[in-house]
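Asker: this is a predicted model, with the sequence first.
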Amino acid sequence: MTFKREEFQHVNYLWDDAVADKLDLVERLRYRSNLLGADQRITNTGGGNTSAKIAQPDPLTQETVDVLWVKGSGGDLRTATRANFASLYLDKLLSLQGLYDQAETRGVKTEIEDAMVDLYRHTTYNLNPAVGSIDTPLHGFIPARHVDHMHPVSVIAIAASADQEALTAEVFGDEVGWVPWQRPGFDLGLVMQEKVRQKPRLKGLVMGQHGLINWAEDDKACYETTLTLIEKAARFVEGFDKGQQTFGGQKYATLDPEARDKLLVRLLPRLRGLVSQANRFIGTVQVTEPVLQFINSHDAARLAEVGTSCPDHFLRTKIKPLYVDWNPQSESLDALIEKLERGLAAYRADYAAYYQACKHPNSPAMRDPNPTVILIPGVGLIAWGKNKSESRVTAEFYSLAIDVMRASEAISHYQGLPRQEAFDIEYWLLEEAKLKRQPPEKELARNVVVVIGAGSGIGKAVAHRVAREGAHVVCADLSAEGAQQTAQELVKVYGLGIGVAGSGLSGCGPAIGLGVDITSRESVRALFEQVVLAYGGLDNVIVTAGIFVPPTKDGRIADDKWSLTYAVNVIGSYLVADEAKAVWQAQGLKGSLVLTTSVNAAVAKPGSVAYDTSKAAANHLVRELAIELAPLVRVNGLAPATVVEGSSMFPRDRVISSLTKYHVAYDDSETTEALRDKLAGFYAQRTLTKAPITLADQAEVAYLLSSSQFAKTTGQIISVDGGLPEAFLR
Ligand SMILES: [Zn+2]
């Protein structure tokens, strides 16, 4: 039985012949994959794979051969392009069974099984560089031309239930078979091949503790079979849903959003510090209704301990989360932190015991023993990852695991993957090899850098520079619009990442743009609160915001402009440092602060007394803060000189008045950029290095001062001025 397009209630039927019929067979596979991946109820981000066996000419012989196109390792169905699919000669892939059968010991987790993975590359069709995943043999050994392997919540619920085999028969009759949990690989492909040989009319298999695999001879029919089987499972599960009594009913109530955010602002930096002792993590907060229903329930403590089931889920969530039994209505934040500290210590000890109990002689060394998912009643789920995208994926996966537990507990009893099996996935040598193949992390990976003044000029250049080093960048500026513009530029370059999770600001990508007025403590505080809600904390702050009020023709500036100059250039930087200090201290992690001063701080000259003295004060502020914030935070100053390029401090009339002052010839018809180049050229001639000073020059030093390369430097002012002897500090 199949459902008609309009009958689906639990999945979105998206296939459109008008689109598909214009595509070649490989593009139709890509199209089908994107449609399946677009619905979280069908599969999770990065999870599952699809394939098509397509007759194509051999590039050498021009003979028609069958090519297995299958989603490659590491791709994501929702966002997959043609380049994410591996292509293999089907006959060569199947012939590997001959080699496999010759091995003395074979079967799941044997040496020969892992050795087969390296051979897939030898079966590549048409030099396609995409690498096949460990699921490749599943697709190869099932004879049907189109195969979908998905991780649907409703089917995993059946597959993770105590009586999964009987439930499979009850839900699907004899249309769908069942295979017990087995780590994916060559042997599982053979197991499936045998199932189909015994029952040629099967449309699919429920994979114990894992998901669904199904097939058809036609791609649209395969898509419809996938949707139909998931719809059937979802309808079955729905019939048993426990409603208010889900997870044994509610034990705690959810905090109202305002109280929750207030708590998170104080909690997250503390928590980030606690989990980041070995490696820094970026946080994502997930507070949906289904997530809270689980965390607030009577059964949450018991089920959290059982852990996640689908291997895809737990590779990110770890085998289990840390659940803290804290009463949001009657207990204090201090009590929560104390419980978290104890909970984390117990979790790490438990993880080390799991590693010791399950490890093999050749297992990789123990990984970071901290939880990646923390559940707090009344508040929500907090996920941690090496970057924003990863922590969003982790939050997504545990949210899906909650949906699985809800359904499984309704129809039966939920069971997790046995610990040894979980270990053998987590510490699989093939997984380890995949980790080792990843490029080394960049200098500012796992860091959150707040750039104040990022809307234009040096700040904008700094935002781009630190993003290139892997930083998450909070672009802040008096102009919220300018800040958002820079953040959008960064997201365009680096992408939003994968992972569908994160509530409110926490659902962000690698950069956000926020408005701030650094002359107001409230505004600065609000900025850092938003930073904490978005990423869980912060590491480096770089202030480039500053103000230069041009004097009147007789060289004076009004008293109120003096105040404004000091409010921005001195007190503003102090307020930023003072408010960031609270976050740094809560985290207890090393950080850095860079303030932008000016060579004018050291050079006395007429016409800019307010600006110059404010920058001299800023230089000394650097030194005072270096002492105040030590040993946790390094504080250094960047002292630029006359960066004319793209600077908001050099509007056309200031450029013209400077050119006039220095007797540099110009014409009124010249563009502002041309005039700025002229002025920059003039300034360059006054320096020792005789070259114009660019935004990139300033951004480089702001980045370096924030990086580990300057880990032993604090309280210093570095001039980036091309070399001006009169500005030498002494
Ligand atoms: Zn899978």
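Answerer: Nice, thanks for sending it over.
Asker: for this protein, name the helix or strand with the lowest mean pLDDT.
Answerer: helix 429-437 (a mean of 81; mean pLDDT, DSSP states H and E).
Asker: that one: which residues count as buried?
Answerer: 430, 432 (16 or more other Cβ atoms under 10 Å). Placement of C-beta: from N, CA and C, glycine included.
Asker: when you give positions from now on, start the count at 27
Answerer: Fine by me, first position is 27 from now on; the one you just mentioned is helix 455-463.
Asker: I'd like the next helix or strand past it.
Answerer: Following helix 455-463 in sequence order, the next helix or strand is strand 474-478 (DSSP states H and E).
Asker: please enumerate the strands of the stretch 327-476 of the chain.
Answerer: 348-349, 399-402, 406-411, 474-478 (DSSP state E, counting those that start in this stretch).
Asker: which outside residues touch the last one?
Answerer: Strand 474-478 is contacted by residues 308, 485, 488-489, 492, 497-503, 542, 544, 553-554, 557, 561-571, 602, 606, 732 when judged by Cβ atoms under 8 Å, 6 or more residues apart in numbering.
Asker: can I get the strands of the stretch 327-476 of the chain in TSV with mean pLDDT and mean neighbour count?
Answerer: Below are the strands of the stretch 327-476 of the chain laid out as TSV (pLDDT from 0 to 100; neighbours: other Cβ atoms under 10 Å):
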stretch	mean pLDDT	mean neighbour count
strand 348-349	98	22
strand 399-402	98	26
strand 406-411	98	26
strand 474-478	98	30
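Asker: of all the ones you listed, which one is nearest residue 362?
Answerer: strand 399-402 (7.0 Å; Cβ to Cβ).
Asker: does residue 499 count as helix, strand or coil?
Answerer: Under DSSP: H, G, I helix; E, B strand; the rest coil, residue 499 falls in the strand class.
Asker: pLDDT value on it, please?
Answerer: Note for residue 499: predicted pLDDT of 98.
Asker: grab the nearest non-local neighbour of it.
Answerer: Leaving aside its sequence neighbours, residue 499 sits nearest to residue 537 (Cβ to Cβ, 6 or more residues apart in numbering; 4.5 Å).
Asker: and the one you found, how many residues sit next to it?
Answerer: 30 (other Cβ atoms under 10 Å).
Asker: and the most centrally placed residue in the chain, how far from residue 471?
Answerer: Taking Cα atoms, centre = their mean, the centroid of the chain lies closest to residue 415, which sits 1.4 Å from it. Distance of residue 415 to residue 471, computed by Cβ to Cβ, to the nearest Å: 12 Å.
Asker: now residue 282
Answerer: 36 Å.
Asker: more neighbours: which of these two?
Answerer: residue 471 (16 against 10).
Asker: how near is the more buried one to residue 602?
Answerer: For residue 471 relative to residue 602 (Cβ to Cβ), the value is 24 Å.
Asker: residue 333 now?
Answerer: The gap separating residue 333 from residue 602 is 43 Å, by Cβ to Cβ.
Asker: who has more neighbours, those two?
Answerer: residue 602 (26 against 20).
Asker: part of a helix, is that one?
Answerer: Yes: the assignment for residue 602 (three-state DSSP) places it in a helix.
Asker: my guess is it meets residue 567, correct?
Answerer: Yes: assessed by Cβ atoms under 8 Å, residue 602 is found in contact with residue 567 at 6.3 Å.
Asker: so what sits against both of those two?
Answerer: 478, 619.
Asker: for this structure, longest helix please?
Answerer: Criterion DSSP state H: the longest helix present in the chain is helix 359-384.
Asker: tell me what that one is packed against?
Answerer: Here helix 359-384 touches helix 283-301, strand 348-349, helix 445-452, going by 3 or more Cβ pairs under 8 Å, 6 or more residues apart in numbering; DSSP states H and E.
Asker: still on that earlier bit, among the strands of the stretch 327-476 of the chain, which is nearest residue 460?
Answerer: Among these, the nearest to residue 460 by Cβ to Cβ is strand 406-411 (16.4 Å).
Asker: got the angle between the closest one and helix 283-301?
Answerer: Interaxial angle of strand 406-411 relative to helix 283-301 (axes from the mean of the first three to the mean of the last three Cα atoms, to 10 degrees): 40 degrees.
Asker: how about residues contacting strand 406-411?
Answerer: 286, 294, 297-298, 301, 307-313, 317-318, 321, 342-343, 347, 396-402, 417-421, 424-425, 527, 529, 562.
Asker: flag the shaky bits of the stretch 77-226 of the chain, pLDDT-wise.
Answerer: Applying pLDDT under 70 to the stretch 77-226 of the chain flags no residue at all.
Asker: swap that for the chain, please
Answerer: 27, 672-675.
Asker: do you know how far the spatially most distant residue from the centre of it is from residue 633?
Answerer: Within the chain, the residue lying farthest from the chain centre (Cα atoms, centre = their mean) is residue 580, at 55.1 Å. With the distance defined as Cβ to Cβ, residue 580 ends up 10 Å from residue 633.
Asker: if we can go back for a sec, in helices, which of the contacts of strand 474-478 appear?
Answerer: 485, 488, 489, 492, 553, 554, 557, 561, 602, 606, 732.
Asker: and these as JSON lines, adding distance to residue 132?
Answerer: Output for the ones in helices among the contacts of strand 474-478, formatted as JSON lines (distance: Cβ to Cβ, whole Å):
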{"residue": "485", "distance to residue 132": "61"}
{"residue": "488", "distance to residue 132": "57"}
{"residue": "489", "distance to residue 132": "55"}
{"residue": "492", "distance to residue 132": "51"}
{"residue": "553", "distance to residue 132": "60"}
{"residue": "554", "distance to residue 132": "58"}
{"residue": "557", "distance to residue 132": "54"}
{"residue": "561", "distance to residue 132": "47"}
{"residue": "602", "distance to residue 132": "63"}
{"residue": "606", "distance to residue 132": "59"}
{"residue": "732", "distance to residue 132": "53"}
